[in-house]
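Trainee: fold the following.
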Amino acid sequence: MYKVAMRFRSMLDEALVKYNLVMPQLGVLRIVNEAGRVSQQDIGDFVVIDKASMVKFIDQLEKLKLVSRKSHETDRRIKLISLTASCHCP
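Mentor: Numbers count the residues shown, from 1 in each chain. Below you'll find the model as predicted:
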């Protein structure tokens, strides 16, 4: 079972390279896809990624035009993440 899991992970990693993504970024995209619009902090808490890494992931996803980051309407410290129209998540 372990070998199957490792092979699956390897195949997924290879597929993600084509899109300049890594596994944690795919997790972020799935969360945003399900939530619609979610704070950077909530994403980091859910996937257990530190703030610095989360900022890098979101920066990269923004450069790829997969997500957009906007300030919360009433609290500018909160950054809300949503998928862009060009992101086609299953």
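Trainee: which residues of this structure fall in strands?
Mentor: With DSSP state E, the ranges of strands along the chain come out as 37-39, 67-71, 79-83.
Trainee: who wins for proximity to residue 23 among these?
Mentor: strand 67-71 (16.3 Å; CB to CB). Glycine gets a C-beta too; all of them are placed from N, C-alpha and C.
Trainee: could you say what helices and strands that closest one packs with?
Mentor: On a contact count with 3 or more CB pairs under 8 Å, 6 or more residues apart in numbering; DSSP states H and E, strand 67-71 meets helix 23-35, helix 51-63, strand 79-83.
Trainee: save the ones you listed as JSON lines, and put in distance to residue 70 and mean pLDDT too.
Mentor: Shown next, in JSON lines, are the helices and strands packed on strand 67-71 (distance: least, CB to CB, whole Å; pLDDT from 0 to 100):
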{"stretch": "helix 23-35", "distance to residue 70": "13", "mean pLDDT": "89"}
{"stretch": "helix 51-63", "distance to residue 70": "11", "mean pLDDT": "90"}
{"stretch": "strand 79-83", "distance to residue 70": "5", "mean pLDDT": "94"}
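Trainee: out of the ones you listed, which one sits most buried?
Mentor: strand 79-83 (a mean of 19; mean count of other CB atoms under 10 Å).
Trainee: quick one on the thing from earlier: could I get the strands of the chain as TSV with distance to residue 51?
Mentor: As requested, the strands of the chain are arranged in TSV below (distance: least, CB to CB, whole Å):
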stretch	distance to residue 51
strand 37-39	12
strand 67-71	14
strand 79-83	11
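Trainee: ok, which of these comes nearest residue 22?
Mentor: Among the strands of the chain, strand 67-71 comes nearest to residue 22, with 14.7 Å by CB to CB.
Trainee: ok, residues contacting that closest one?
Mentor: Applying CB atoms under 8 Å, 6 or more residues apart in numbering, the contact partners of strand 67-71 are 28-29, 32, 40, 58, 61-62, 78-84, 87.
Trainee: so it versus helix 51-63, what angle?
Mentor: Put simply, strand 67-71 runs at 120 degrees to helix 51-63, going by axes from the mean of the first three to the mean of the last three CA atoms, to 10 degrees.
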